[in-house]
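A.B. asks: Provided below for reference: sequence and predicted model.
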Amino acid sequence: METGYVLLAARPGRKKPLFSRLKKVKGVTEARLVIGTLDFVVKIEGETITELEKIYFNDIDKIPGVAHSRLCLVACPRTRK
């Protein structure tokens, strides 16, 4: 099992609908609204890195209301537990 975190910022006035859509994406295991430069931290899980990339590029990054986002992959096997 591979894990990644998506850090994203919402367009003005789009946080609530974006949050609803994020929680429905297959592979999203946790979505949190945060305060600061970014608006959300989203944990995604999949069988492979390729699957995580598909979740990010095909599902999350295309949701209306995403201003910008970044996928961070968990690299060290010891931290995956």
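C.D. replies: Right, received. Where do you want to start?

A.B. asks: which SS class is Arg21?
C.D. replies: helix (DSSP: H, G, I helix; E, B strand; the rest coil).

A.B. asks: close enough to count as contact, it and Lys62?
C.D. replies: No: applying CB atoms under 8 Å, one finds Arg21 not in contact with Lys62, separated by 10.1 Å. C-beta here means a position set from N, CA and C on the backbone, and glycine is covered the same way.

A.B. asks: more neighbours: the two, which one.
C.D. replies: Comparing Arg21 with Lys62 by other CB atoms under 10 Å, the one with more neighbours is Arg21, at 17 against 9.

A.B. asks: look up how far Cys76 lies from that one.
C.D. replies: According to CB to CB, to the nearest Å, Arg21 and Cys76 sit 30 Å apart.

A.B. asks: which parts of this protein are strands?
C.D. replies: Here the chain has its strands, by DSSP state E, at 2-10, 28-33, 40-46, 66-73.

A.B. asks: which one of those lies closest to Tyr56?
C.D. replies: For the strands of the chain, proximity to Tyr56 was assessed by CB to CB; strand 66-73 is nearest, at 4.5 Å.

A.B. asks: any weak-confidence spans in the protein?
C.D. replies: 77-81 (pLDDT under 70).
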